[in-house]
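S.K.: give me a 3D structure for the following:
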Amino acid sequence: MQERQKYTTLCFSYLLLVLNMVLAWLHMLCL
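M.R.: Okay, here's the model as predicted:
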């Protein structure tokens, strides 16, 4: 159970990182 939670947290932080990069990329495109 604890192992699964670790992977979920890892996946979530990875998704946040990707989302951040996409937002920064869009911001550069708009400017």
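S.K.: pLDDT weak spots in the chain?
M.R.: Applying pLDDT under 70 to the chain flags the ranges 1.
S.K.: swap in 90 and give it another go.
M.R.: Judged by pLDDT under 90, the chain has its weakly predicted residues at 1-3, 30-31.
S.K.: element containing Leu15?
M.R.: helix 2-30 (DSSP states H and E).
S.K.: what's the neighbour count on Leu23?
M.R.: Per other CB atoms under 10 Å, the neighbour tally for Leu23 reads 10. Every C-beta, even on glycine, is put in place using the N, C-alpha and C of the backbone.
S.K.: over to Gln5?
M.R.: Gln5 has 9 neighbours, counted by other CB under 10 Å.
S.K.: so who does it touch?
M.R.: By CB atoms under 8 Å, 6 or more residues apart in numbering, no residues touch Gln5.
S.K.: how far does the helix holding Leu15 sit from its chain's centre?
M.R.: Its chain's C-alpha centre and that of helix 2-30 lie 0 Å apart, by CA atoms, centre = their mean, to the nearest Å.
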